[in-house]
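S.K.: Quick one, what's the 3D model for this:
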Amino acid sequence: MEEKVLVIVKPDAIQRGLMGEIVSRFEKKGFKIIGTKMSKMGDVLLEEHYSHIADKPFFKGIKDFMMSSPVVLMAISGVNGVQAARLIVGPTDGSAGDAGTIRGDMSLSIQSNLVHASDTVENGEIEVTRFFKEDELFDYERPDTKYIYADKHF
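M.R.: I've put the predicted structure just below:
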């Protein structure tokens, strides 16, 4: 079963011209991009999205960072999507990321770590719904699906 994942290409990636590289990695893996848009993050949305850390002393810095530039929001889907997306993204601390991951290859920071990806199947559903209206999401078949997945996934 395909899982939805929210990916946020963060301000540092936009400012460094890495958006195409990041999108490309998800496409090459075989994910379907079911929604995408550029957006400026606001207080209310950030407080909702980061509610689990809103009481932390570093939250203001994260909020200021996320509002410093537009971001690109992507809703992607794939079989075992959350696990696969997290593997592509790498650990939160880019300096500890393995070579081959987005953060491991292009980040040395915890805050400026280029990208967010949903961390659970449940959060994927919640986050995609938070950032995308129903009419902004598209269901389609990639013609290469049979070459991406083995028959057992269908």
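S.K.: all strands of the chain, in order?
M.R.: Along the chain, counting by DSSP state E, strands occupy 2-9, 32-39, 71-79, 115-117.
S.K.: Contacts for the longest one, please.
M.R.: Right, the one you point to is strand 71-79. 1-11, 14, 19, 23, 26, 29-41, 84-85, 128, 131-132, 137, 149, 153 (C-beta atoms under 8 Å, 6 or more residues apart in numbering). C-beta coordinates here come from the backbone N, C-alpha and C atoms, glycine included.
S.K.: And for stretch 97-117?
M.R.: 5-10, 12-13, 16, 18, 21-22, 25, 58, 61-62, 65, 82, 85-96.
S.K.: among the contacts of strand 71-79, which ones are buried?
M.R.: The neighbour-count test (16 or more other C-beta atoms under 10 Å) marks 2-11, 14, 19, 23, 26, 30-36, 41, 84-85, 128, 131-132 as buried among the contacts of strand 71-79.
S.K.: least trustworthy helix or strand in the protein by mean pLDDT?
M.R.: The helix or strand of the chain with the poorest confidence is helix 145-148; it has a mean of 91 (mean pLDDT, DSSP states H and E).
S.K.: which stretches of the protein aren't confidently modelled?
M.R.: 152-154 (pLDDT under 70).
S.K.: about what we covered before: residue 141 is nearest to which of the strands of the chain?
M.R.: strand 32-39 (8.4 Å; C-beta to C-beta).
S.K.: Which strands or helices does the closest one pack on?
M.R.: Secondary-structure packing of strand 32-39 (3 or more C-beta pairs under 8 Å, 6 or more residues apart in numbering; DSSP states H and E): helix 19-29, strand 71-79.
S.K.: Format those as CSV; extra columns: distance to residue 51.
M.R.: Below are these laid out as CSV (distance: least, C-beta to C-beta, whole Å):
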stretch, distance to residue 51
helix 19-29, 25
strand 71-79, 18
